[in-house]
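K.L.:
Fold the following.
(2 chains)
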Amino acid sequence: MTEKMVEQFRQKNQSLAGIIHLVAGMDEAAEKVVSILQEKEAQKVALSELPDEFRRILEQRCAGAGMNLLKPPYNHAELPGALDSIQAGVSWAAFAIAETGALVEFATDDANRLVSALTPVHIGIFRAADIVENLMDAAAPIRNFYNQNPRNATVSFISGPSRTADIEMRLILGVHGPAETHAIIIN
Amino acid sequence: MAESALDRLYDKIEKALGEKDKRDALYTAMKRGRDNRRKAVELLPGGEAFRKKVRETKLRCLAKQDELVDRFAQKVRQRGASVFLAKDAKAAIDYILKIARQRDAKIVAKSKSLTSEEIEVNQPLEAAGMEVIETDLGELIIQQVHEKPFHLVFPAVHKTLADVAEIFRKATGEDIPDDADAVMKAVRRFVRPYFLNADIGMTGANVGIAEIGAIVIETNEGNARLVSSIPDVHICIMGREKIVETVEDALQMMLAHPISAVGQHLTTYETIMGGRSPLGQGEGNSSRESHIIILDNGRSQMREDPLMQDALNCIRCAACMNICPTYGVVGGHVFGYIYPGPIGIPWTACVHGLEKAGEFAHLCVSCGLCREICPAEIDIPMMIAAVKDRYSKLERHPLVNRALMAAESMAKVGSATAPVSNWFMENKFFRLQMEKYVGIDRRRQLPAFRRRTLAKRFDRRGAAQVSNPVHRVAFFADIYANYNAPDLGMAAVERLESRGCKVLMPPQKGCGYPYIGYGDLNKARKVAEENVRSLAYYTQQGYDIVSTEPTAVYCLKVSYPKLLNDRRDAVEVADRTYEYFEYLEKLEAETPTDCRLHLVGNHFGFHIACHQRSLGSGSHAMAYLKRRGAEIEVIETGTCCGMAGTFGLKEGMLGYELSQAVGEPLFQAFRDSGLQAIVTESSVCKIQLQEGTGLKVWHPLELL
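P.N.:
Okay, the predicted model is just below:
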């Protein structure tokens, strides 16, 4: 079942110009992130809130590669400028939707949203076990998230790079948000 | 004054018809929208059934709208955002200006919001000294040149790459080449400082969710994410009809909207936003706030208006624009005020005034296609009929429309005086006078009148004695089969009789669709009343109603129940009404017969009449002919042939000229198909296609 959904997600997200990577564990995921960042020659990288284990591994590897990290807690006084100069953003998705190819991110700090909104390259990571089949399956986790956060809370669906067809109906990527998006699926 | 609104419209149409490049760009955009939508819907489990669900959801939420608005407002406040219920545009603008003054705002960055355009918020903000920037690329392009959107989803589709490059060379002072990627990068550099430095970020909301007190904002570019997160102050302006009950309802809208607009299953970014989140940690966060303005501006009144309330189910997807034949030729600058396209007519009438809607309502040819594509299954044509009807109290229906609404009286005279009337119709001088004084284009080949109408022939012949009839049928002829083609009508009757049906021709009027099309609902209701009363007498005795004219079937099944408020007899008549070939198919399914394969070797192009789209889309006639050996291929552009009932008979811009412009791509498709002949069930499409393609056009019965 999971395998089928991973495949469906991959196809759909790719059709939306997303780039998909399947990896075997946290280690491999961190390695993949670093190799993408190196390929993009990204020195300044922003991380959103990540699961502890993954954050530790990733921070270590990024430091090893000599990268400059902007990470939570972000300092309000430095925003949004600090995020504007970032070359790539790395974030964690709560789940993904196989049928539509969307990553779904939960946030209670808007800086987390900017990690995937302001940067030219975005890398989103999630577990294969967290893929749901269709859009309606998103209702329950979203409802839970809002129940757990009675004040501010934001959910972002992200399906590939920022796109527009406003000039002669031509597809153009990256007009405001990332022109390149990677989804790393941890199995 | 009376003639001027119409004259202005003629001038605008003439200008639009002359702008070939713009028309081509628009046609491509709309065709792609329609085609992509169809492909995406085919991938949906259940296909078109999603529309039914959307309608159910919208109707449920509309029924308890006041309660949902309260619940939504309460939840939003609990989350720490402010709510303002604005009764009209002025109240909303005053509120926004008040916040702007309090915050000493200098820059307002907006993401695309039709509701903000509805209240025309940019001008007062600019007048108060603020710089207002649209961040959606299409909106930004037209903002730079001070135009209104040409298309709802692609506001700048009429601008070429070179135009756009020039616009941004001017705006930025940079030397930007005519290259899409270079333009995009320049736009990114140009807009970025506004995102970073705006004092106020203004968005609309595609949905409000009462259950959790959050709004949904959809974009493909991601501009709404930036506008709603970076500036200290977020202002959302939304219509109260956007509020749904549950998260599931919202997800349904998030699917229905982009799939209907462009055939995407979701927009690239869907943001569900509740309360006001901090931006990082630290002191400055205390000045972050979010204001949700819930706009009424006539909506509560719409809800109380039986003929207009359906418009509140609109989710603003623009699918109706993508399929509208005349919008597809003239575009949003002509076919619209602020709200464009078919649904723009009732919306304009309700929020901006009947006069404004009347300026472009005549562009609707009442083909009914918008109703067939609308994700909320809104009966847009009937609302437009109501707008035309109300507007006629301000400015009388044009003479030619009045003449065409009285088409049956004319047909009666024409038939009673045939063949003299036919001689006149062939007479060039007479046709010139008719064009000049009535407004019927002299180039149109009108079908000849027959003195012995179908009703007369049927009466003289009497009902055929069919022993042990399998079914009893009340035949509904409509004008063409009665006055112009009684042979066809008689063949239809006899074929039913030969299949064991007892056929009667009850007293009847023509279906009266022109009254709906041109907007005289009193007369439309009167005809509906009369026909339903007469036909219900037969349905109560077990008769089915069958007609060869697609528009007549549409009227009986769709329009009459609506006109008569779903009265029991009208619904009963509707339930028992069949398209002619649908009925024959039913008979053959009940009693399978060997058919003669006399059509083998014939290859026809089939034209689906617009009103058939809500019926069987011609499938029954095609199946019937195919079983007799014919090869049939549907040739279509996805919109109307341009005739639209009697619209294409009219002289001038709001008739023949526009009708030809609409029909041209379809004529071309038929010519390119290499097929020798066309089959269609509609009597009026037949005229248009015959003249437009030069090919022979048959009614299926003529082939049998």
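K.L.:
Please enumerate residues in contact with the helix ranked longest in chain B?
P.N.:
Using DSSP state H to define each element, chain B has its longest helix at helix B:20-43. The contact list for helix B:20-43 (Cβ atoms under 8 Å, 6 or more residues apart in numbering or on different chains) reads A:168-169, B:16-17, B:47-48, B:50, B:150-151, B:153-154, B:157-158, B:160, B:259-265, B:318-319, B:321-323, B:327-329, B:331, B:373, B:637-639, B:661, B:665. The way it works is simple: take the backbone N, C-alpha and C, and place the C-beta from them, glycine included.
K.L.:
Now do the same for the residue of chain A positioned farthest from its centre: helix, strand or coil?
P.N.:
With distances taken as Cα atoms, centre = their mean, the residue sitting farthest from the centre of chain A turns out to be A:Glu168, at 29.7 Å. Reducing the assignment to helix, strand or coil with DSSP: H, G, I helix; E, B strand; the rest coil, the entry for A:Glu168 is coil.
K.L.:
repeat for B:Gly47
P.N.:
Counting by three-state DSSP, the three-state call for B:Gly47 is coil.
K.L.:
Number of residues surrounding it?
P.N.:
Residues contacting B:Gly47 under the criterion other Cβ atoms under 10 Å in any protein chain shown number 11.
K.L.:
again, but for B:Glu702
P.N.:
Residue crowding around B:Glu702 was assessed by other Cβ under 10 Å; the count is 13.
K.L.:
who does B:Tyr578 bridge with?
P.N.:
Beta-bridge partners recorded for B:Tyr578 (DSSP bridges): B:Val546.
K.L.:
Contacts only, for it.
P.N.:
Applying Cβ under 8 Å, 6+ apart as the definition, the contact partners of B:Tyr578 turn out to be B:544-547, B:553, B:586.
K.L.:
where's it relative to B:Asn206, distance?
P.N.:
B:Tyr578 sits 40 Å away from B:Asn206 when distances are taken as Cβ to Cβ, to the nearest Å.
K.L.:
do B:Ala162 as well
P.N.:
According to Cβ to Cβ, B:Ala162 and B:Asn206 sit 33 Å apart.
K.L.:
Kindly report the same for A:Glu53.
P.N.:
When distances are taken as Cβ to Cβ, A:Glu53 and B:Asn206 turn out to be 37 Å apart.
K.L.:
again, but for B:His607
P.N.:
Going from B:His607 to B:Asn206 by Cβ to Cβ gives 37 Å.
K.L.:
likewise B:Phe606?
P.N.:
Distance of B:Phe606 to B:Asn206, given as Cβ to Cβ: 38 Å.
K.L.:
Which one's more surrounded, these two?
P.N.:
Neighbour comparison, B:Phe606 and B:Asn206: the larger count goes to B:Asn206, with 25 against 22 (by other Cβ under 10 Å).
K.L.:
Who are the contact partners of that one?
P.N.:
Contacts were defined as Cβ under 8 Å, 6+ apart; by that measure B:Asn206 touches B:216-218, B:242, B:253-254, B:257, B:315-316.
K.L.:
same question, A:Pro72
P.N.:
Counting by Cβ under 8 Å, 6+ apart, A:Pro72 touches A:47-49, A:109, A:111-112.
K.L.:
Leaving out sequence neighbours, find the closest residue to the residue nearest the centre of chain B.
P.N.:
Geometric centre of chain B, nearest residue: B:Cys370, 2.5 Å, by Cα atoms, centre = their mean. Excluding the flanking residues, the one nearest B:Cys370 by Cβ to Cβ, 6 or more residues apart in numbering or on different chains is B:Cys320, at 3.7 Å.
K.L.:
Just to check, the one you found is in contact with B:Cys374?
P.N.:
Yes. With contact defined as Cβ atoms under 8 Å, B:Cys320 reaches B:Cys374; the gap is 5.8 Å.
K.L.:
Where does the prediction get shaky in chain B?
P.N.:
Low-confidence regions of chain B, defined here as pLDDT under 70, cover residues B:1-3.
K.L.:
and it, what are its domains?
P.N.:
As recorded under automatic domain parsing, the domains making up chain B are B:1-43+B:300-396, B:63-295, B:452-593, B:595-704.
K.L.:
just so I know, which of those domains lies nearest A:Ala17?
P.N.:
Nearest of those to A:Ala17, taken as Cβ to Cβ: domain B:63-295 at 9.5 Å.
K.L.:
what separates that closest one from the chain centre, distance-wise?
P.N.:
The gap between the average C-alpha position of domain B:63-295 and the chain average comes to 26 Å, counting by Cα atoms, centre = their mean, to the nearest Å.
K.L.:
what two of the contacts of B:Asn206 are the furthest from one another?
P.N.:
Taking Cβ to Cβ as the measure, these span a maximum distance of 13.8 Å, between B:Ile217 and B:Ile315.
K.L.:
Tell me which residue lies nearest the centroid of chain A.
P.N.:
Judging by Cα atoms, centre = their mean, chain A has its centre closest to A:Gly124, at 2.3 Å.
K.L.:
For the spatially closest residue to that one that is not a sequence neighbour, which three-state class applies?
P.N.:
Closest residue to A:Gly124 apart from its sequence neighbours, by Cβ to Cβ, 6+ apart: A:Leu103 at 4.5 Å. Each residue gets one of three states, and A:Leu103 gets strand by three-state DSSP.
K.L.:
B:Glu529 contacts B:Leu564, doesn't it?
P.N.:
Yes. Under the contact definition of Cβ under 8 Å, B:Glu529 touches B:Leu564, with a separation of 6.8 Å.
K.L.:
Enumerate every residue touching the closest residue in space to B:Ala162 that isn't next to it in sequence.
P.N.:
Counting by Cβ to Cβ, 6+ apart, the nearest residue to B:Ala162 once its immediate chain neighbours are dropped is B:Asp178, at 4.8 Å. By Cβ under 8 Å, 6+ apart, B:Asp178 lies in contact with B:161-162, B:165.
K.L.:
Looking at the residues you listed, state which has the most neighbours.
P.N.:
Compared across the contacts of B:Asp178, B:Ala165 has the highest neighbour count, 21 neighbours, by other Cβ under 10 Å.
K.L.:
Now do the spatially closest residue to that residue that is not a sequence neighbour against chain A, distance only.
P.N.:
Once its chain neighbours are removed from consideration, B:Ala165 has its nearest residue in B:Asp178; the separation is 4.6 Å (Cβ to Cβ, 6+ apart). As for B:Asp178, its distance to chain A is 11 Å (criterion: Cβ to the nearest Cβ, to the nearest Å).
K.L.:
Can you verify B:Asp178 is assigned to a helix?
P.N.:
No. Membership of B:Asp178 in a helix is not supported by three-state DSSP, which gives coil.
K.L.:
What residues sit buried inside stretch B:285-297?
P.N.:
B:285, B:288, B:290-297 (16 or more other Cβ atoms under 10 Å in any protein chain shown).
K.L.:
try stretch B:662-671
P.N.:
Within stretch B:662-671, the residues scored as buried using 16+ other Cβ under 10 Å are B:662-667, B:670.
K.L.:
show me the contacts for the residue in the stretch 451-600 of chain B positioned nearest to chain A.
P.N.:
For the stretch 451-600 of chain B, the residue positioned closest to chain A under Cβ to the nearest Cβ is B:Val558, at a distance of 30.8 Å. Contacts here follow Cβ under 8 Å, 6+ apart; on that basis B:Val558 touches B:368, B:379, B:574, B:614.
K.L.:
Out of those residues, the closest to B:Thr417 would be?
P.N.:
For those, the residue nearest B:Thr417 by Cβ to Cβ is B:Gly368; the value is 33.3 Å.
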